[in-house]
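1. need a 3D model of the following:
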Amino acid sequence: MSTSATIHDIQYVDFPAHTSDEASLYVYEHNDQVPFAIARVFTVDAKQACQRGAHAHKECQQLLVSMKGKIKVTVDDANETVTILLDRPDKGLLITPGLWAEQEYELGSLLMVLTDLPYDEGDYFRTYVDFKAYKKA
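-> Residues are numbered from 1 along each chain as shown. This is a model prediction of the structure:
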């Protein structure tokens, strides 16, 4: 567990984009762009403007990529907060364990998340109070 993680640990990750008049191809490969072995991939399709996330992980890394639309990601380390706009499929945001993250989706947005660990409910801080207590420990 990383109680020392700060917002300064988040990173932008660039992905290759191969575009033509017909289509765009984006590549997300382990070792070349994704800095961990991918254990899980999931998407969030915003059928209306909404807020999601609002949790932190003890061990899991997450790489967030906006496949479509605009998604504001707010990252909090219990001392500082930063908000980052994701709006391109060739740019991702790597969130390390020990950081609280919330996403604000516009209607029609699609977020892809790559993680280094499979789903484990025990890896989550679901309340900000529990997260703050963990960071102070």
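
2. from here on, just use CA atoms for contacts and neighbour counts.
-> OK.

3. count of neighbours near Val65?
-> 24 (other C-alpha atoms under 10 Å).

4. cool, His18 as well?
-> His18: 11 neighbours (other C-alpha under 10 Å).

5. give the contact list for it.
-> Listed by C-alpha atoms under 8 Å, 6 or more residues apart in numbering, the contact partners of His18 are Ser24, Leu25, Tyr26.

6. just give the nearest non-adjacent residue to the first one, would you?
-> Here the nearest residue to Ser24 in space, its sequence neighbours aside, is His18; by C-alpha to C-alpha, 6 or more residues apart in numbering that works out to 5.7 Å.

7. in what helix or strand does that neighbour lie?
-> strand 17-19 (DSSP states H and E).

8. so which elements touch the helix or strand following that strand?
-> Using DSSP H and E, the helix or strand that follows strand 17-19 in sequence is strand 24-26. Applying 3 or more C-alpha pairs under 8 Å, 6 or more residues apart in numbering; DSSP states H and E, one finds that strand 24-26 contacts strand 17-19.

9. per-residue confidence averaged over stretch 51-66?
-> Mean per-residue pLDDT for stretch 51-66: 97.

10. need phi/psi at Tyr134.
-> As for Tyr134, its main-chain torsions (degrees, to the nearest 10) stand at phi -60, psi -40.

11. show me the contacts for the spatially most central residue of the chain.
-> Closest to where the C-alpha atoms of the chain average out (C-alpha atoms, centre = their mean) is Leu64, at 3.5 Å. Applying C-alpha under 8 Å, 6+ apart, we find Leu64 in contact with Gly92, Leu93, Leu94, Ile95, Leu111, Met112, Val113, Leu114.
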